[in-house]
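>>> Can you look at this prediction? I've put the sequence above it.
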Amino acid sequence: MKLVFVANRIPYPPFRGDKLKIFNLACCLAPEHELHLIAFYETSKELEYEVALLKVFTTVTLIPLKKWQCLLNTVLALFIPGKPLQVGYFHSTKFKNTVKQALDRIQPQAIHVQHLRMAQQIPSEYRPFALLDLPDAISLYYQRRANHVASPFLKLAFFFETKRLKKYEHRILPQFPKVLCCSAEDGKHLQELHPRIKIGILENGVDVQTYAPRSTENHGPVKLLFTGNMTYAPNVDAVQYFADEIFPSIQEKFPEVVFEIAGQKPTPQVLALAQRDGISVTGFIPNLADAYASATLVVAPLRFGAGTQNKVLEALSMNIPVICSPIGFHGIGLTHGEGIWCEQDTSSFILRILQILSDTQKHKDLATEAGEKIRTRFNWNTIAKQLEVYCLEVQTNK
């Protein structure tokens, strides 16, 4: 099968959610299929990754995403009714023309389009056999962010974008034969808003070789770990919230406890947390599995967002217990207490951490049982086979 991936970012190196998914799916599919990639790149440094990508893709076509042009397009989108600002940001006649030329030349059996903002790049005649894969239900994300933010100006801005996103989704999603979501929660949100669309679930996966359980005993300090892209607003908010409202109560009972924040490009607000007693901000770590291996417990206290949290899958795959908020819990196929605990409020979060730290072996055993289920269900090979099924479905529309 000839399959073209159309991405809003170059999927390499695979250190963040949207890059992880395309790269790992492609690695699984490449031995049996002819894959092609068309993506934006933002810096000349990223062009160096073409060599690595050509080991997976038959052809790699990279189009520059110029910052000044993106900002101008965003401003112009303000004056186009029903056009979300982020869709305006990624508007590119050059990219759209390049996609058309490539599709005409390759004549693929199926097309994988990443993110709502990239739907605009697909010519109408090719949409009947294109799968639109949404990392999250973006209108749900912005709706939650509007509800959470305190600033009246930002609340209005996010409400404005949410309204435009819902209108845009209503118009563009039915043009694709299948809209893929990474969780049932996101799929339900979109299905209720837009009843005409056909939803499929294509979950996020985990590299079960990299994030495999380690047998070595952890003799280091008690460590609470948070991982993620530290420019992502829900992550920034989560670690600030944890440091302000949860961690001090844990320190009272366990004075030697460490809260480690591991992830690329920490913002100044995140870096400032490292000045506090017991908090460490690592920045980028080449192999996050090393951070998980030394963790007693992984925390994911997200207060807004959407989709599935990779940090939850990776930790559980390594048999590390997880405490999370409802965001990041739904859709992983485990129940509360099955190696993962979903807590609704600050006091419950604190009590659960204290309980786990008071009997780590019992909770480690529960996480070990959960890990077996995660490594089976969220193995990238399993996810790739599901994508193959969806591709075969849309081929009949060609």
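Yes, it's here. It should be emphasised that the depicted structure is a prediction, and the values quoted were computed from it without experimental measurement.

>>> State the helix or strand in which residue 6 lies.
strand 2-7 (DSSP states H and E).

>>> Please disregard the earlier target; I meant residue 390.
Of the helices and strands defined by DSSP H and E, residue 390 is found in helix 380-395.

>>> in that helix, what counts as buried?
Buried residues in helix 380-395, counted by 16 or more other Cβ atoms under 10 Å: 380, 383-384, 386-388, 390-391, 393-394. Yep, even glycine has a C-beta here, placed from its N, CA and C like the rest.

>>> Show me the contact partners of that helix.
1, 3, 24-25, 27-29, 109-110, 112, 128-131, 177-178, 180, 200-208, 376 (Cβ atoms under 8 Å, 6 or more residues apart in numbering).

>>> Kindly recompute the last result at 7 Å.
For helix 380-395, the surrounding residues in contact (Cβ atoms under 7 Å, 6 or more residues apart in numbering) are 1, 3, 24-25, 28-29, 109-110, 129, 131, 177-178, 180, 200, 202-203, 205, 207.

>>> Would you mind checking these for buried ones?
By neighbour count, with 16+ other Cβ under 10 Å, these hold 3, 24-25, 28-29, 109-110, 129, 131, 177-178, 180, 200, 202-203, 205, 207 as buried.

>>> longest single strand anywhere in the protein?
Scanning the chain for the longest strand, with DSSP state E as the assignment, gives strand 34-41.

>>> before we move on, the earlier item: could I get the buried residues of helix 380-395 as TSV with pLDDT and distance to residue 140?
Below are the buried residues of helix 380-395 laid out as TSV (pLDDT from 0 to 100; distance: Cβ to Cβ, whole Å):
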residue	pLDDT	distance to residue 140
380	96	25
383	96	21
384	97	26
386	97	22
387	97	22
388	97	27
390	97	22
391	96	26
393	94	25
394	93	25
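
>>> what's the domain layout of the chain?
2-205+379-395, 223-377 (automatic domain parsing).

>>> out of these, which comes closest to residue 213?
domain 223-377 (4.5 Å; Cβ to Cβ).

>>> Centre of the chain to that closest one, how far?
Here the centre of domain 223-377 is set off from its chain's centre by 16 Å, with Cα atoms, centre = their mean, to the nearest Å.

>>> Ok, stretch 39-46 next?
So, by Cα atoms, centre = their mean, the centroid of stretch 39-46 is 20 Å from its chain's centroid.

>>> mean confidence for that stretch?
The predicted model assigns stretch 39-46 a mean pLDDT of 95.

>>> what about it, how long is it end to end?
Taking Cα to Cα, to the nearest Å as the measure, stretch 39-46 stretches 11 Å from start to finish.

>>> And the contacts of it?
Contact with stretch 39-46 is made by 7-11, 47, 62-65, 95, as judged by Cβ under 7 Å, 6+ apart.

>>> Now with 10 Å, please.
Contacts of stretch 39-46 with the rest of the structure, by Cβ atoms under 10 Å, 6 or more residues apart in numbering, involve 5-13, 19, 22, 47, 49-50, 53, 57, 60-67, 70, 90, 92, 95, 114, 118, 121.

>>> out of those, which are inside strands?
Going by DSSP E, the strands hold 5-7, 60-64, 114 from the contacts of stretch 39-46.

>>> Adding neighbour count and pLDDT, write the residues you listed out as CSV.
Conversion of these to CSV gives the following (neighbours: other Cβ atoms under 10 Å; pLDDT from 0 to 100):
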residue, neighbour count, pLDDT
5, 24, 98
6, 28, 98
7, 22, 97
60, 20, 98
61, 17, 98
62, 18, 97
63, 18, 97
64, 16, 96
114, 24, 95
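
>>> now the buried residues of helix 380-395 in a markdown table, with distance to residue 192?
Listed next are those as a markdown table, based on distance: Cβ to Cβ, whole Å:
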| residue | distance to residue 192 |
| --- | --- |
| 380 | 30 |
| 383 | 25 |
| 384 | 29 |
| 386 | 23 |
| 387 | 25 |
| 388 | 28 |
| 390 | 22 |
| 391 | 27 |
| 393 | 23 |
| 394 | 24 |
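
>>> Tell me where the model's unsure across the stretch 151-300 of the chain.
Low-confidence segments of the stretch 151-300 of the chain, defined by pLDDT under 70: 216-219.

>>> Please repeat the previous calculation with a cut-off of 80.
Residue ranges of the stretch 151-300 of the chain with pLDDT under 80: 215-220.

>>> And the helices in it?
152-172, 184-193, 233-241, 247-253, 268-273, 288-293 (DSSP state H, counting those that start in this stretch).

>>> Any idea how many residues pack against the nearest residue to residue 213 once chain neighbours are set aside?
In this structure, residue 213 finds its nearest non-sequential neighbour in residue 319, 4.5 Å apart by Cβ to Cβ, 6 or more residues apart in numbering. For residue 319, the tally of surrounding residues (other Cβ atoms under 10 Å) stands at 23.
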